[in-house]
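Peer 1: Kindly generate the corresponding structure for this input.
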Amino acid sequence: MTGPSPHTPEVDPARVHALIVGIESYGAGPAWDLPGPARDAVRFHALLRAAGVPDDHLRLHLAPLPPYRPDVPHAPADQATLRRALVQELPRTQGDVLWVWWGGHGALDRSGHLRLFCADATTADKLGIDLDSALERYRSDAVPSLTGQWWVVDACETFEEDLALREPLPPDALPVGRRTLVHRQTVLRAAGRGRVAANDPVRGTGLFSDVLLGLLAEHAGALPALPDPEELFPAVRARIAALREAGRTLQYPEIRLQSPERGDILTPVPPPAAPRSPSPLQRAVDALLAYPLMADPVERQMVVGALDPRVTGTLARHTRARTDAVGLLGGLARQGEQALWQLYDAVVSVDDDAQRAAELAAALREFGPPPGSPRDGG
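Peer 2: Okay, here's the model as predicted:
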């Protein structure tokens, strides 16, 4: 993020509203404790307050985990309170910009919706907010103003089926109005589909939240205007990538853009795994099985029969060609390099294909170099 976009319009702080949620403590008990989200929410609240957004436009809902005691007034973060804010209070406000910040536990349900658990969620009753239905509501005429929206969600997107729940998450969609073409919605999600959003319990912050708060603080002079997501996202992606490389997280954040002109998901695609070179054993097995004779148990036994019986008598054999080849090569290697080259001589005496012989020789050199001068396989 190099600074505010020259195309970012000026925003009157009095026309900005925010719903800021940070949940560290849950009705489910200590097993759900998550030190960090309340602290991150307070940091974000401070940024908007410093940018001139009126206090009564900043709806701060916290469930802090002791001993943290926020020094700013806040409301509870139970489902009824948050649902009332989303369904009744915010839609009635008059303004141009809406910021939503949510930190806490979450899960991706079987329909692909991100469910954000509220402070009164228990193991028996996982009360929460359906983020996707909330986003749909806020793109409809149920919210006539607040047409510029930024939603920031630092929560896990673990698959529901991986949580071993006794009962599936119940449907709990928010009411939705008629669709319109006036809202511009940017949604920044921390984890990525099926992934965990990492938290730093020692510092008391979410890794993603800390990255984003740092970037916003660097350019606090541009707030409370909404950042250009395509300027911000590369910086977020780069900093999270550094954390992945350091082994601190596996998450891949994404930005979803929804407006009358476009609907995109800007997601850093996990890099493909670098192709692994075959191990010396794998290469030797493949080179041996390239000979058609190895697929025939009779011909395979004829080759083995040509070896020193003092060696072959100790070999473990198998009816499957690949398993047998692994056993042959491993057993012969334990007998010494000369035993491997006896196998080579026996194979090429039956099939003298020069190309296969060259590859087998090269593979055996890597697997177990022959004594004396190199053999050329031809």
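Peer 1: The stretch 101-250 of the chain: helices as residue ranges?
Peer 2: 131-137, 207-218, 229-245 (DSSP state H, counting those that start in this stretch).
Peer 1: right, and the helix or strand after the longest one?
Peer 2: Beyond helix 229-245 in the direction of the C-terminus, DSSP states H and E gives the next helix or strand as strand 254-258.
Peer 1: Quick check: phi and psi on L60?
Peer 2: Note on L60: backbone dihedrals following degrees, to the nearest 10 are phi -100, psi 120.
Peer 1: now the helices of the stretch 101-250 of the chain in a markdown table, with distance to P54 and mean neighbour count?
Peer 2: Glycine gets a C-beta too; all of them are placed from N, C-alpha and C. Listed next are the helices of the stretch 101-250 of the chain as a markdown table, based on distance: least, Cβ to Cβ, whole Å; neighbours: other Cβ atoms under 10 Å:
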| stretch | distance to P54 | mean neighbour count |
| --- | --- | --- |
| helix 131-137 | 23 | 21 |
| helix 207-218 | 19 | 20 |
| helix 229-245 | 25 | 16 |
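Peer 1: Please identify which of these is closest to P66.
Peer 2: Shortest distance between P66 and those, using Cβ to Cβ, is found for helix 207-218: 20.1 Å.
Peer 1: how distant is that closest one from the center of its chain?
Peer 2: Taking Cα atoms, centre = their mean, to the nearest Å, one finds helix 207-218 lying 18 Å from the centre of the chain it belongs to.
Peer 1: Stretch 161-172 too?
Peer 2: On the basis of Cα atoms, centre = their mean, stretch 161-172 sits 20 Å off its chain's mean C-alpha point.
Peer 1: what about it, how long is it end to end?
Peer 2: One end of stretch 161-172 to the other measures 18 Å (Cα to Cα, to the nearest Å).
Peer 1: What of stretch 161-180?
Peer 2: OK, stretch 161-180 end separation, Cα to Cα: 34 Å.
Peer 1: So that it lines up with my notes, have the first residue be 47 from now on.
Peer 2: Shifting the count to begin at 47 puts that one at stretch 207-226.
Peer 1: contact partners of that stretch?
Peer 2: With Cβ atoms under 8 Å, 6 or more residues apart in numbering as the test, stretch 207-226 has contacts from 129, 132-133, 153, 155-156, 161, 172, 174-176, 179-180, 182-183, 185-189, 206, 240.
Peer 1: cool, and stretch 140-149?
Peer 2: Residues beyond stretch 140-149 that count as contacts (Cβ under 8 Å, 6+ apart) turn out to be 57-58, 61-69, 82-84, 86-87, 90, 94, 103, 136, 162, 177, 184, 191-201, 252, 255, 270-272.
Peer 1: Restricted to strands, list those residues.
Peer 2: 62-69, 162, 194-200, 252 (DSSP state E).
Peer 1: got the contact list for L177?
Peer 2: Contacts of L177 (Cβ under 8 Å, 6+ apart): 148, 152, 159-162, 197, 199.
Peer 1: Ignore what I typed, I meant R105.
Peer 2: Counted by Cβ under 8 Å, 6+ apart, R105 has contacts 63-66, 121, 131, 135-136.
Peer 1: 7 Å instead, please
Peer 2: By Cβ atoms under 7 Å, 6 or more residues apart in numbering, the residues touching R105 are 64-66, 121, 131.
Peer 1: Neighbours of A292, how many?
Peer 2: Using other Cβ atoms under 10 Å, the number of residues around A292 comes to 8.
Peer 1: Correction: the previous question concerned K172.
Peer 2: For K172, using other Cβ under 10 Å, the count is 25.
Peer 1: isn't it right next to A165, touching?
Peer 2: No - applying Cβ atoms under 7 Å, one finds K172 not in contact with A165, separated by 11.9 Å.
Peer 1: how close does the spatially closest residue to I69 that is not a sequence neighbour sit to A180?
Peer 2: Distances taken as Cβ to Cβ, 6 or more residues apart in numbering place G150 nearest to I69, at 3.5 Å, with adjacent residues excluded. Shown here: G150 relative to A180, a distance of 14 Å by Cβ to Cβ, to the nearest Å.
Peer 1: With E291 instead?
Peer 2: From E291 to A180 the distance is 34 Å (Cβ to Cβ).
Peer 1: following the helix or strand bottoming out on mean pLDDT in the chain, which helix or strand comes up?
Peer 2: Sorting the helices and strands of the chain by mean pLDDT, DSSP states H and E puts strand 309-312 at the bottom, at a mean of 67. Toward the C-terminus, strand 309-312 is succeeded by helix 326-335 as the next helix or strand (DSSP H and E).
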